[in-house]
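>>> Output the structure for:
(2 chains)
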Amino acid sequence: MKNLTLTLVFSLSVVQLSYSQDKYFTRTGHISFFSEAALENIEAHNHQGTCILNSENGEIALSVLMKGFEFEKALMQEHFNENYVESHKYPKSTFKGKIVNFDRESMRGNGKYHVSVEGELTIHGKTNTVTSEGTLEISDGTITAQTSFPVTVKDYNIKIPKTVVNNIAEVVEVSVELELKPYNK
Amino acid sequence: MKRGLIFAGIILALSILIFGLYQYNKPHRDIASSAADYRLSADELFLEFEKNRATASSRYVDKVITFSGIISTVQQNQTGGYNILLKGRQGSVNCEIDPTLNLNIENLLENTLVNVKGLCVGYDDLLQELQFKKCNIMP
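Model prediction:
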């Protein structure tokens, strides 16, 4: 009987442990984008992307503040915030979705996996369903996630004036790099 | 008369070009050498954002703020820069250190009080944190 109680307590605490380990997060996600046009290439970086990944069901939530993007040139940054993404009106971009080919067991040990992600991407107040391919690398409790995908600016109601069509690409490549750690709160 | 007009035209075109080039290459805001618009504690700041997100955002976002708080973690980000996290009673403040400053990040200890000056980026709902960039550690 005593043994049974012990086993029960032990297995309950194991359940507890695995419950507290089911979320991974980062607050220093690297989100960048690259625009390649005839006259110039433009890139911008943000190192404060936040993300929560549920390692039980593969759900992902990502958020990034537009004002956090740093450009090489101050003028580009100003135009980006004031004219294109209107960050005073739409301060952040978000992604909510899940890993389509999610395998819960693969989260248990070290390894590198190819993943497909599907979900809702919101930029400039406009939401679209998107899919993307990426990798997850699990190494001693840290999950490194990487993906990149094209974003067509007009799909998000971002208007590029005719005068700068040679400076800004119609399709911008967005890259996401996340180093996720267990979330204990 | 005609020569005068052509000359004036050339001067005008040149000044437009120079102005344009200056605009195109104008420098980023120098946060490190600008004076703070506001001074308060991380807790006070966080409380204002909790109370009214919109009011606090229009008051503080894009402003240079000096704030004090307790260091919770010092973290290196994927591109080699550092983010320090201040933990208050209300929530946390994520401070991205200005990579051009060459600060001695290793000297910063967890659970110590620091003064940080940086540019307010905004509030992130997902992790309920305030974000600052181009941060410097103040005496």
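
>>> where along chain A do the strands fall?
Using DSSP state E, the strands of chain A run over A:23-36, A:41-54, A:59-65, A:70-71, A:92-99, A:111-123, A:126-139, A:142-152, A:171-182.

>>> Please work out the average pLDDT along the shortest one.
So that's strand A:70-71. Mean per-residue pLDDT for strand A:70-71: 96.

>>> what do you get for the last one?
The average of the pLDDT scores along strand A:171-182 is 96.

>>> Strand A:23-36 and that strand, what's the angle between them?
160 degrees (axes from the mean of the first three to the mean of the last three CA atoms, to 10 degrees).

>>> ok, and does strand A:171-182 reach over to chain B?
Yes: counting by CB under 8 Å from any CB of the partner chain, chain B has neighbours in strand A:171-182: A:177, A:179. C-betas here are computed from N, CA, C, even on glycine.

>>> Now that strand: buried residues?
Within strand A:171-182, the residues scored as buried using 16 or more other CB atoms under 10 Å in any protein chain shown are A:172, A:174-180.

>>> Format those as TSV; extra columns: distance to residue B:93.
Shown next, in TSV, are the buried residues of strand A:171-182 (distance: CB to CB, whole Å):
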residue	distance to residue B:93
A:172	30
A:174	26
A:175	26
A:176	23
A:177	23
A:178	21
A:179	20
A:180	21
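
>>> can you tell me which two in those are farthest apart?
The distance between the two most remote of the buried residues of strand A:171-182 (CB to CB) is 24.7 Å, for A:172 and A:180.

>>> Mind checking what secondary structure residue B:3 has?
Following DSSP: H, G, I helix; E, B strand; the rest coil, the label given to residue B:3 is helix.

>>> which residues does the residue nearest the centre of chain B contact?
Nearest residue to the geometric centre of chain B (CA atoms, centre = their mean): residue B:119, 2.0 Å. By CB atoms under 8 Å, 6 or more residues apart in numbering or on different chains, the contact set of residue B:119 is B:29, B:31, B:62-65, B:132-135.
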